[in-house]
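# Give me the fold of what follows.
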Amino acid sequence: NSSAFNNLGRLYFNGQGVKKNYSKAKNCYEFSANLKNPYAFNNLGYLYENGYGVEQDYSKAKEYYELGIKYKDVRALYNLGYLYEKGHGVDQNYTKAKEYYELAADHKDAKALNKLGNLYYDGKGVKQDYIKAKEYYEMSANLNNIESINNLGYLYFTGKGVNKDYLKAKEFFEKSAKYNNLKAIKTLGIIYEKGFGVKKDFLLAKQYYELAVKYNDPESINKLGNLYYYGLGVEQNYSKAKEYYELGAKNKNPISLYILGCMYEKGIGVEQNYLKAKDYYELSSQSKNPEAFLRIGNLYRKGRGVQK
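Here you go, the predicted model:
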């Protein structure tokens, strides 16, 4: 039974009721594909595209997606479009990507509708058109695509293709955040920190940033450091701020590295140390942070921790 083999492969792929095992998943998908199951072809393509249990091979992924399309699997249309959008195993071709996304969208594929919205938003393979992007995001959001719900929030937040409306944006972000969308969670933190359409609420901002930090979001890590550094909604605590900046520094966040440099240069919450400041500025400058270059120049100009 081709469906039984394919379903068993999915259990091994997801680790549902069995120990996750990509190799066993692949074997099951191959048995199913030999029986011409369209979903199995797509699933094999996904394994090769992402290197799950096999050596990553975009060309093989493409072959399997094309077989999936031949046997009428809509997901394969989306996945082949994605290969063309990213240029994985093929020449990058937004027009070709759009064609496959449109074919998938004809079957109400929510991810494909969102991708079409992205193409129009970015003007890739099409003339940039925020109104058209909104139309696709709305169609996708009506199918409960979380990314599209977040994208609609961003349109209202920035006023692209619509009148700027922070409250409407907030509604979309809150809906998306319920499904743990990191972008939405982080943006809600920014909304409450900056008071976009709402009264500033640093404590609520902190809660959203803390949620985002669970996903190791570098910007939110830095934002939490800022709240403690400046005492916004919390008692000012340079040691706590430093902990967050150091966490950001481990992820090579240029802003976190830069602020740590400032703390050591000025002796804020730490013993003044120009050499350490220079080290942090140099690490930050590797990400082309212009402020870091300026600080390094000042250290040399004043002969602080380095020869003048």
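
# and residue 112, what is it in contact with?
77, 78, 81, 100, 101, 102, 104, 105 (CB atoms under 8 Å, 6 or more residues apart in numbering). Heads up, the C-betas are built off the backbone N, CA and C, glycines and all.

# Run a quick neighbour tally on the last one.
Other residues within reach of residue 105, judged by other CB atoms under 10 Å, total 24.

# which SSE is the residue lying closest to it once chain neighbours are set aside in?
Excluding its sequence neighbours, the residue lying closest to residue 105 (CB to CB, 6 or more residues apart in numbering) is residue 112, at 4.5 Å. Residue 112 is located in helix 110-122, with elements delineated by DSSP states H and E.

# quick one: buried residues of that helix?
110, 111, 112, 113, 114, 115, 116, 117, 118, 119, 120, 121 (16 or more other CB atoms under 10 Å).

# Equivalent analysis for stretch 7-25, please.
By 16+ other CB under 10 Å, the buried positions in stretch 7-25 come out as 8, 9, 10, 11, 12, 13, 21, 22, 24, 25.

# Likewise for stretch 44-53?
For stretch 44-53, by 16+ other CB under 10 Å, it's 44, 45, 46, 47, 48, 49, 52, 53.

# ok, now stretch 251-263?
253, 254, 255, 256, 257, 258, 259, 260, 261, 262, 263.

# neighbouring contacts of that stretch?
With CB under 8 Å, 6+ apart, stretch 251-263 has contacts from 216, 218-219, 221-222, 225, 229, 238, 242, 244-249, 268-270, 276-281, 283-284, 286-289, 291-292, 295.

# Which residue is the nearest non-sequential neighbour of residue 153?
The shortest distance from residue 153 to any non-neighbouring residue, by CB to CB, 6+ apart, is to residue 172 (3.2 Å).

# tally of neighbours for the one you found?
Count around residue 172 with other CB under 10 Å applied: 24.

# for residue 30, same thing?
Quick note: residue 30 (other CB under 10 Å) scores 15 neighbours.

# Quick one: end-to-end length of stretch 153-173, please.
Taking CA to CA, to the nearest Å as the measure, stretch 153-173 stretches 6 Å from start to finish.

# Could you do stretch 8-25 as well?
First-to-last residue span, stretch 8-25, CA to CA: 7 Å.

# what does the average pLDDT come to for that stretch?
For stretch 8-25, the mean pLDDT works out to 96.

# Let me see the contact set for residue 136.
Contacts of residue 136 by CB under 8 Å, 6+ apart are 105, 113, 114, 116, 117, 120, 148.

# tell me which element it is part of?
helix 130-141.

# What about residue 180, how many residues nearby?
Neighbours of residue 180 (other CB under 10 Å): 12.

# so who does it touch?
residue 215.

# Which of the three states applies to it?
coil (DSSP: H, G, I helix; E, B strand; the rest coil).

# Now do it against residue 190, distance only.
17 Å (CB to CB, to the nearest Å).

# what's the answer for residue 228, then?
Taken as CB to CB, the span from residue 228 to residue 190 is 17 Å.

# next one: residue 175
Per CB to CB, residue 175 is found 17 Å from residue 190.

# Per-residue pLDDT of the residue nearest to residue 105, please?
Looking at residue 112, its pLDDT reads 98.

# ok, back up a step: how about the buried residues of stretch 251-263 in TSV, adding pLDDT and secondary structure?
Conversion of the buried residues of stretch 251-263 to TSV gives the following (pLDDT from 0 to 100; DSSP: H, G, I helix; E, B strand; the rest coil):
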residue	pLDDT	secondary structure
253	92	coil
254	94	helix
255	94	helix
256	95	helix
257	96	helix
258	96	helix
259	96	helix
260	97	helix
261	96	helix
262	96	helix
263	96	helix
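
# any idea which of the residues you listed is closest to residue 36?
residue 253 (49.5 Å; CB to CB).

# For the stretch 151-300 of the chain, which segments count as helices?
166-177, 182-194, 202-213, 218-230, 238-250, 254-266, 274-285, 290-302 (DSSP state H, counting those that start in this stretch).

# and of the ones you listed, who's closest to residue 94?
Across these, residue 94 has its closest neighbour in helix 182-194 (22.4 Å, CB to CB).
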